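Undergrad: Quick one: sequence plus predicted model below, questions after.
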Amino acid sequence: MYEKTQKLYDENAYLTAFEGKVLSCEAIPEGYAVILDGTAFFPESGGQTSDTGTLGGVRVTDVRIDEKTDVITHVLDGPVETGSTVHGEIDWNKRFDKMQQHTGEHIFSGVVCSRFSCDNVGFHLSGEIMTMDYNRPFTQDEINNAEALANDAVWRDLEVDARYPSAQELAGINYRSKKEIEGAIRLVTIPGIDVCACCAPHVRRTGEVGLIKVMSFENHKGGIRVYAACGKRALYALTREHDLITGLARSLSTGVPEVPGAFERMKNDLSEAKRQAAELCEKMVSAGLSSEEFVFSGDIQMNPARRALDVWMNEGTGLRGVFAGEDDAGYSFVIGRGRKGADLKGCDAGKAVAALREKLGAKGGGSPEMAQGSVKAAKEDILSVLQSVI
Ligand SMILES: [Zn+2]
């Protein structure tokens, strides 16, 4: 077995390039597993995805740590020579982005857990998303309050201290920790804001976090899940939303502050237009039913059609129906029996639909008074089936 890998990222989170001795290189299904004597690559751990970059010019796609032995394995696209010294480079933009998010998370969690007495019970940080889970629900006001306090801590540009205190020192420190940690404990301290056990690389000062923005939050397992973005990621996320709203304003030919009002007016106009269309449809179907037994049209909506048929049924005799659709796409339909007229014999909407089911593979059914369904067939064939049953 190998000695534990020296964690260069622990000593210097800003180390972007290093030299490492290749202790082993083995083919694995995902590529090649490479172990070095020391590395600046942060492995996937504590909810944060691993760094990427290159080793000896070969792409590093994943980095893993065996938490028991502290041996770090790099997954490479190609092999490197065992025993050689390779030059490693981490994708610094991606790493710094995660440092901004992770320190932002400590600040936010420190504020939330001390001010609102709860625990941080989950954390996930990838290249795209950061989530923080807390074991109690929050109101929008509390989130706004926490966000403001967290950003205050960012702008006070506090020093972020990451180190391994002695067991004696540790005994006197009150710190947050998600799990029982074996071995040496690394504490990340932001004075007056947070002390938390954490293995990840952090920025030197809170000012480098730039901005902490809660993008959304949702109820999660009796508590809350917060989606947040920090630093450059927050700028990009807010820029995307800004572009969206300015684009919307442009398309509505109005200013950004007027968008909600313009949107509200559009919603009202649309529901009024829908109401008018339904009214017109009901009139059209009523007119059709006064002269034809079965009305076929592609412009019919089913709800106003049902209302028109119901009105006809109060005064009519026999069977009448409305078919909305076209021959190729098929029809939705409703068939009703007039409530006037003594002779209702042989006049059964349910039986008419049963005949359409049997002869044309229609779906649906109903009572002798009213039945509905859908059928994919030509108008001509539908009419000939209906003529045979009425
Ligand atoms: Zn952490």
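TA: Great, that's in hand. Only a predicted model underlies this, so the values are computations on that prediction, with no experimental measurement involved.

Undergrad: how about low-confidence regions in this protein?
TA: 1, 179-182, 341-346 (pLDDT under 70).

Undergrad: Would you mark the buried spots in the top helix by length along it?
TA: Using DSSP state H, we find that the single longest helix of the chain is helix 259-291. By neighbour count with 16 or more other CB atoms under 10 Å, helix 259-291 contains the buried residues 259, 262, 281-282, 284-286, 288-289. The way it works is simple: take the backbone N, C-alpha and C, and place the C-beta from them, glycine included.

Undergrad: again, but for stretch 66-77
TA: Residues of stretch 66-77 classed as buried by neighbour count (16+ other CB under 10 Å): 70-76.

Undergrad: which residues sit against that stretch?
TA: 1-5, 7, 25, 28, 30-36, 39, 41, 43, 45, 55, 58-65, 182-183 (CB atoms under 8 Å, 6 or more residues apart in numbering).

Undergrad: repeat that with 6 Å
TA: The contact list for stretch 66-77, computed with CB atoms under 6 Å, 6 or more residues apart in numbering, reads 2, 4-5, 30-35, 39, 43, 55, 58-65.

Undergrad: Which of those residues are buried, as a ChimeraX select command?
TA: Buried residues among these (16+ other CB under 10 Å), as a ChimeraX selection:
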select :5,31,32,33,34,35,39,43,55,58,60,62,63,65
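
Undergrad: helices or strands up against the helix or strand encompassing residue 121?
TA: Residue 121 is located in strand 120-125, with elements delineated by DSSP states H and E. Other helices and strands packing on strand 120-125, by 3 or more CB pairs under 6 Å, 6 or more residues apart in numbering; DSSP states H and E, are strand 130-134.

Undergrad: Give me the helices and strands touching the helix or strand hosting residue 215, please.
TA: Using DSSP H and E, residue 215 sits in strand 212-220. Applying 3+ CB pairs under 6 Å, 6+ apart, we find strand 212-220 packed against helix 140-155, strand 223-230.

Undergrad: Give the pairing partners of the last one; include direction for each.
TA: Using DSSP bridges, the strands paired with strand 223-230 in its sheet are strand 130-134 (antiparallel), strand 212-220 (antiparallel).

Undergrad: And whichever helix or strand comes after that strand, how far out from the chain middle?
TA: The helix or strand immediately downstream of strand 223-230 is helix 231-251, counting by DSSP H and E. Here helix 231-251 shows a centroid-to-chain-centroid distance of 18 Å under the convention CA atoms, centre = their mean, to the nearest Å.

Undergrad: Could you pull up the contacting residues of residue 255?
TA: residue 249.

Undergrad: Would you map the helices across the chain?
TA: So, for the chain - with DSSP H - the helices run 8-11, 92-115, 140-155, 167-171, 231-251, 259-291, 302-315, 349-360, 379-389.

Undergrad: Tell me which of the ones you listed is the most buried.
TA: Neighbour counts (mean count of other CB atoms under 10 Å) averaged over each of the helices of the chain peak at helix 92-115, with a mean of 23.

Undergrad: OK, contacts around the nearest residue to residue 335 once chain neighbours are set aside?
TA: Spatial nearest neighbour of residue 335, excluding adjacent residues (CB to CB, 6 or more residues apart in numbering): residue 321 at 3.8 Å. By CB under 6 Å, 6+ apart, the residues touching residue 321 are 294, 333, 335.

Undergrad: Surely the last one is in contact with residue 347?
TA: I take that to be residue 335. No - Residue 335 lies out of contact with residue 347 (CB atoms under 6 Å); the separation is 10.6 Å.

Undergrad: Looking at these two, which one has more neighbours?
TA: Higher neighbour count among residue 335 and residue 347: residue 335, with 28 against 18, using other CB atoms under 10 Å.

Undergrad: Report the separation between that one and residue 312.
TA: 11 Å (CB to CB, to the nearest Å).

Undergrad: give me the number of residues near the nearest residue to residue 356 once chain neighbours are set aside?
TA: Excluding its sequence neighbours, the residue lying closest to residue 356 (CB to CB, 6+ apart) is residue 362, at 3.8 Å. Residue 362 has 23 neighbouring residues, counting by other CB under 10 Å.

Undergrad: What of residue 213?
TA: If we define neighbours as other CB under 10 Å, then residue 213 has 20 of them.

Undergrad: what's the closest non-adjacent residue to it?
TA: residue 234 is the one closest to residue 213 (CB to CB, 6+ apart), at 4.3 Å.

Undergrad: now that neighbour: how far from residue 3?
TA: Counting by CB to CB, the gap from residue 234 to residue 3 is 40 Å.

Undergrad: Now the residue nearest to residue 324 when sequence neighbours are not counted, what are its backbone angles?
TA: Once flanking residues are discounted, residue 324 sits nearest to residue 300: 3.7 Å by CB to CB, 6+ apart. Main-chain torsions, residue 300, degrees, to the nearest 10: phi -90, psi 140.

Undergrad: so how far is residue 73 from residue 300?
TA: Counting by CB to CB - residue 300 and residue 73 are separated by 66 Å.
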